[in-house]
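Trainee: Okay, sequence plus prediction incoming.
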Amino acid sequence: MVALQAVQPNGRTDTQLDFDAIVIGAGVAGLYQLYKLRELGLRARAFEAGSNVGGTWYWNRYPGARFDSESWTYGYSFSQELLDEWDWDEHFAAQPQTERYLNYVADKFDLRRNIQFESRVAAAHYREETRSWEIVLDGGDRYSTQFLIPAIGILSAPTMPNIPGISSFEGLSCHTHSWPKEGVDCAGKRVGIIGTGATAVQTIQEIAKTVGHLSVFQRTPNWCAPLHNGKISKAEMRDIRARYSEILALSGTTPGCYIHNPNPRKTLEVTPEEREAFWEKLYAEPGFGIWQGNFSDMLTDREANALASEFVARKIRQRVHDPVVAEKLIPKNHGFGTRRVPLETGYYEVYNQPNVELVDLNETPIECITPRGIRTGEREHGFDIIIYATGFDAITGAYDRIDMSGVDGVRLKEVWKDGPQTYLGVLVEGFPNLLMAMGPHAGLGNYTRTAEYSVEWVTGLVRFAIERGLTRIEATAAGVAEWTDHVLALGQGQLMNEIGSWMTGVNGNVAGKQKPRIMRYSGGHPAYREHCDAVAADRYRKLALG
């Protein structure tokens with residue numbers, strides 16, 4: 001057990017900190033970070049706002065919530081025993097099984113004894129005199145630590161729309177992120193749902209099976225592609241388990257750590273017939289192949305993207321009977337794949353049901369929520385239930401909601417007001433000993449695959465500091481400028497960075513977040529790992545260490 005001590009102004013180290021490391025969050029990244037810190041023998045504590053582990057998979061229990069990356073590529077890889085023990089039920093697991101999986105992990109490795117639940121971190125302040133962080137919970141309790149490791153995820157700060165009268169509604173209403181644990185019975189009810197992003201798509205296709213009437217309020221349609229999910233038999237699970245080393249190795253070579261690699265050909269290098277056959281093949285296959293495994297120039301060349309978009313548009317027109325509704329479901333302001341593609345099962349067919357209507361908010365905007373429902377410019381829609389599938393203040397939003405200040409009281413939100421500035425997506429100048437697991441400008445993708453690497457890199461830096469008796473780790477101004485400029489340069493020419501979406505930090509319901517920004521590393525995860533590995537191999541000389 002390593003017992004770190006606060007450094008006093010006179011050089012004495014006789015004041016004990018509460019913890020050596022504090023992790024914020026007990027989701028996918030937070031659980032593994034806690035596991036790795038305990039391997040180092042540190043006194044670690046994770047503070048989790050929920051009443052149990054799981055993060056995204058604890059909070060998002062709305063109908064239809066499930067993976068859109070293959071479940072057997074999403075689980076942790078750090079324990080062969082865990083890989084050998086756990087059976088996935090479906091190729092794209094539903095939320096209940098994923099939540100059970102993360103609880104299984106927490107129990108198997110006895111992680112709960114180091115987690116404090118129902119403890120939301122409201123503030124975090126760096127204290128230079130002790131080279132430590134003080135965190136404040138929303139209940140007022142305070143704790144000190146040398147290392148502060150936020151593992152708060154990229155989609156964990158839900159947003160409600162700025163619509164008058166929300167509190168006046170007399171029926172049941174909820175945001176998909178805060179879905180009641182006891183569930184919501186939509187059978188036979190009049191239901192209105194605001195939003196048509198990935199969460200809404202999953203919810204709509206599920207509740208449409210039982211609702212009395214469903215009204216979908218859409219501002220911006222999204223390009224969706226079929227999920228093609230299926231059950232995993234015991235025999236198939238044995239085969240998957242036998243191939244885990246191959247599967248994980250493949251995931252490590254692809255840009256997003258999925259099992260799908262971009263096709264090396266360019267869109268216009270093949271004949272129209274070959275293109276059509278290739279797209280038909282991708283459209284009929286499970287998962288993200290049509291997004292992550294498309295022609296290599298699909299997300300950078302406008303003509304190529306337009307051709308791919310027209311293919312998917314034809315599919316929508318084939319699946320939706322009413323041509324007017326079909327055209328409203330086809331995006332006109334962005335090309336296919338320039339936003340994260342929701343994967344669906346019968347989503348478009350929902351609009352063929354006589355009890356489902358699509359309300360185009362561009363034609364009839366919502367004026368207000370009333371006690372009885374939703375009033376648009378055209379009429380009042382009466383509902384028993386209103387569902388807000390209105391998304392998240394993504395990537396930096398969860399950081400903005402913590403009152404976080406560094407050296408001289410400088411606030412992180414102020415430093416990032418024009419966009420995040422980091423070193424490797426892990427460190428921030430002026431915020432010593434703050435080590436972000438999966439922070440802005442890091443390599444994102446298939447979440448557990450990328451989170452495992454981020455956690456391991458952070459852990460390696462903590463180990464380096466402990467072994468050398470370092471009490472202060474910080475990014476330099478030069479390092480932050482170099483990395484931020486590199487990330488911004490990589491993002492140029494990527495069509496998705498021109499489009500307003502959560503991936504570019506856009507949220508119309510959050511002040512100052514109306515314009516797209518480059519929020520992610522766009523060079524692919526293998527290249528991201530090369531950069532980070534080189535810094536570690538150079539013994540972190542590019543950092544300010546003391």
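Mentor: Yes, it's here.
Trainee: Every contact and neighbour count from this point should use C-alpha atoms.
Mentor: Will do.
Trainee: Please enumerate the helices of the stretch 51-200 of the chain.
Mentor: 56-59, 71-74, 80-85, 95-108, 198-207 (DSSP state H, counting those that start in this stretch).
Trainee: tell me the mean pLDDT for the fourth one?
Mentor: Looking at helix 95-108 alone, the average pLDDT works out to 98.
Trainee: Quick one: list the elements packing against it.
Mentor: helix 56-59 (3 or more Cα pairs under 8 Å, 6 or more residues apart in numbering; DSSP states H and E).
Trainee: Show me what the strand ranked longest in the chain is packed against.
Mentor: Secondary structure of the chain per DSSP state E: the longest strand is strand 142-150. Packed against strand 142-150 by the contact rule (3+ Cα pairs under 8 Å, 6+ apart) you find strand 19-24, strand 132-137.
Trainee: looking at the ones you listed, which is buried most?
Mentor: strand 19-24 (a mean of 26; mean count of other Cα atoms under 10 Å).
Trainee: Neighbouring strands - and their directions - for that one?
Mentor: Applying DSSP bridges, strand 19-24 is found paired with strand 44-47 (parallel), strand 142-150 (parallel).
Trainee: Val312 is nearest to which of those?
Mentor: Closest to Val312 of these, according to Cα to Cα: strand 142-150, at 38.7 Å.
Trainee: That closest one - what's its average pLDDT?
Mentor: Averaged across strand 142-150, pLDDT comes to 98.
Trainee: what's the closest of the strands paired with strand 19-24 to Val211?
Mentor: Across the strands paired with strand 19-24, closest to Val211 is strand 44-47 (Cα to Cα), at 38.4 Å.
Trainee: Look up how far Leu34 lies from Ala437.
Mentor: In this view, Ala437 and Leu34 are 11 Å apart by Cα to Cα, to the nearest Å.
Trainee: still on that earlier bit, nearest to Asp403, out of the strands paired with strand 19-24?
Mentor: strand 142-150 (12.9 Å).
Trainee: quick one: the closest one to chain centroid distance?
Mentor: 23 Å (Cα atoms, centre = their mean, to the nearest Å).
Trainee: again with stretch 186-194
Mentor: Stretch 186-194 sits 27 Å away from the centroid of its parent chain (Cα atoms, centre = their mean).
Trainee: And the contacts of that stretch?
Mentor: Stretch 186-194 is contacted from outside by 200, 204, 207, 210-218, 382-390, using Cα atoms under 8 Å, 6 or more residues apart in numbering.
Trainee: angle of the longest strand of the chain against strand 132-137?
Mentor: Relative orientation of strand 142-150 versus strand 132-137 (axes from the mean of the first three to the mean of the last three Cα atoms, to 10 degrees): 100 degrees.
Trainee: hmm, who's touching strand 142-150?
Mentor: 4, 6, 17-25, 30, 131-136, 433-437, 471.
Trainee: Show me which parts of that strand are buried, residue by residue.
Mentor: Buried positions in strand 142-150, judged by neighbour count with 16 or more other Cα atoms under 10 Å: 144-150.
Trainee: from those, which two are the most distant?
Mentor: Ser144 and Pro150 (14.4 Å).
Trainee: Tell me how many other residues crowd Asn362.
Mentor: 11 (other Cα atoms under 10 Å).
Trainee: who's in contact with Pro354?
Mentor: Contacts of Pro354 (Cα under 8 Å, 6+ apart): none.
Trainee: Now do it against Ala187, distance only.
Mentor: Counting by Cα to Cα, the gap from Pro354 to Ala187 is 16 Å.
Trainee: for Tyr447, same thing?
Mentor: Between Tyr447 and Ala187 the distance is 33 Å, computed by Cα to Cα.
Trainee: Looking at those two now, which is surrounded by more residues?
Mentor: Taking other Cα under 10 Å, Tyr447 and Ala187 do not tie; Tyr447 has more neighbours (21 against 14).
Trainee: Contacts only, for the more buried one.
Mentor: Tyr74.
Trainee: Show me where the stretch 401-546 of the chain has its strands.
Mentor: 403-405, 473-475, 543-545 (DSSP state E, counting those that start in this stretch).
Trainee: Highest mean neighbour count out of those?
Mentor: strand 473-475 comes out most buried of those by mean count of other Cα under 10 Å, with a mean of 23.
Trainee: What is that one packed up against?
Mentor: Against strand 473-475 (3+ Cα pairs under 8 Å, 6+ apart) you get strand 543-545.
Trainee: For Tyr528, which non-adjacent residue is closest in space?
Mentor: Gly443 (6.0 Å; Cα to Cα, 6 or more residues apart in numbering).
Trainee: All good on my end, thank you.
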